[in-house]
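Engineer: Below: sequence and its predicted model.
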Amino acid sequence: MRRQGVGVALSLVRVGFVLASPAGGTFGTVRILVTNDDGIESEGLHVLASAMTAHGDVVVVAPDSEYSGAGAAIGPLHLMDPQVHKVRFEGIEDAWAVSGAPALCVMFARLGAFGPVDLVVSGINPGANVGRSVYHSGTVGAVLTGRNGAIPGLAVSQTVEGFGVEGQGWEDAIADQKWHSAAEVASVVLSGLLADEHDNAWAVNLNVPNREVADMKGWRFTDVGTLPPRSITSVSLEPHPENEDAYRVAMQWGDAVDMPVEVDTGAVMHDYISVTFLSRLTAQPATGDSKLATCLDGLF
């Protein structure tokens with residue numbers, strides 16, 4: 001695999017692996033939960049699930065509709081009454097649609113609703129999940145939810161040309177997605193992740209350029225950038241023509257950003273594969289002379 005533009009081309013690796021369990025033992029055949037945030041009918045989900053059969057037994061558990069931007073939200077369970085439906089899914093015997101967000105799909109799976117799960121793979125999302133968008137991505141949120149239960153995971157996203165903000169409809173924008181390229185890269189990355197030794201359950205965010213593999217420049221381990229590829233710069237309220245108390249939120253988009261290839265945003269925008277190991281949320285230590293501590297001490 002090429003790194004920083006040097007090396008050999010990617011190849012699709014089809015190898016069986018033994019995955020170490022959180023308890024220190026080993027699993028037999030890896031059982032892979034494949035999910036997404038675009039819904040059970042998304043083409044990217046189907047292509048990814050097919051590719052993952054090279055690495056183990058696959059169970060598909062995905063939202064029954066669009067949940068992009070849901071992050072790691074599971075929703076108000078006491079109000080939702082979530083439903084689960086068995087679905088037909090080409091090449092996969094065990095496939096389910098859930099009336100809830102991708103994180104909820106993973107949470108139900110983690111708790112045993114669909115049998116044992118050793119690994120979460122989420123995607124393929126049309127549109128890079130880099131920079132600030134990592135915080136809000138349902139694709140990434142599914143993997144973080146798995147990691148919370150000591151299940152490792154891989155989130156897979158692919159850039160979209162134009163980002164659908166140039167007067168181009170979304171279906172037209174994703175018509176030329178090279179899903180096969182992202183699936184091939186994801187398969188190779190998963191091969192390496194499963195072969196490596198890890199101290200804890202990993203959460204890896206993979207972003208792939210919308211190119212044929214041979215046309216990509218290489219790959220990089222990256223940091224999370226401070227910006228997405230293109231940002232909403234401002235919003236304004238426009239009166240609704242039929243309701244004087246209602247307003248439409250109009251969003252203004254800025255230009256595409258040019259960031260260094262050391263961060264996820266810059267890497268994929270310069271046609272590199274971006275691989276980012278995401279950390280857990282951790283507490284920052286308070287300063288010794290914290291005024292907050294003084295205020296709290298005043299309560300007692």
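Structural biologist: In hand now; what should we look at?
Engineer: Please save the CA atoms from the longest strand along the chain in CSV.
Structural biologist: Counting residues, the longest strand found in the chain (DSSP state E) is strand 243-256. Taking C-alpha atoms only, strand 243-256 is exported to CSV below (Å, rounded to 0.1, in the frame of the first residue of the first chain):
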residue,chain,number,x,y,z
ASN,A,243,-47.2,31.2,7.3
GLU,A,244,-46.2,34.5,8.9
ASP,A,245,-44.9,32.8,12.0
ALA,A,246,-42.7,30.3,10.1
TYR,A,247,-39.3,30.8,8.5
ARG,A,248,-37.1,28.8,6.2
VAL,A,249,-33.5,28.5,7.3
ALA,A,250,-31.3,29.4,4.3
MET,A,251,-27.7,28.2,4.5
GLN,A,252,-24.8,29.8,2.8
TRP,A,253,-21.8,27.7,1.9
GLY,A,254,-18.2,28.9,1.7
ASP,A,255,-15.5,27.8,-0.7
ALA,A,256,-13.8,24.4,-0.5
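Engineer: helices and strands around the helix or strand just after it, which ones?
Structural biologist: Where DSSP states H and E defines the elements, the next helix or strand beyond strand 243-256 is helix 264-269. Here helix 264-269 touches strand 203-208, strand 272-277, going by 3 or more C-beta pairs under 8 Å, 6 or more residues apart in numbering; DSSP states H and E. Placement of C-beta: from N, CA and C, glycine included.
Engineer: looking at the ones you listed, which is buried most?
Structural biologist: With neighbours taken as mean count of other C-beta atoms under 10 Å, the helices and strands packed on helix 264-269 reach their highest mean count in strand 203-208, at a mean of 27.
Engineer: gap between whatever helix or strand comes next after that one and the chain center?
Structural biologist: Using DSSP H and E, the next helix or strand after strand 203-208 towards the C-terminus is strand 218-221. How far strand 218-221 lies from its chain's middle: 18 Å, per C-alpha atoms, centre = their mean, to the nearest Å.
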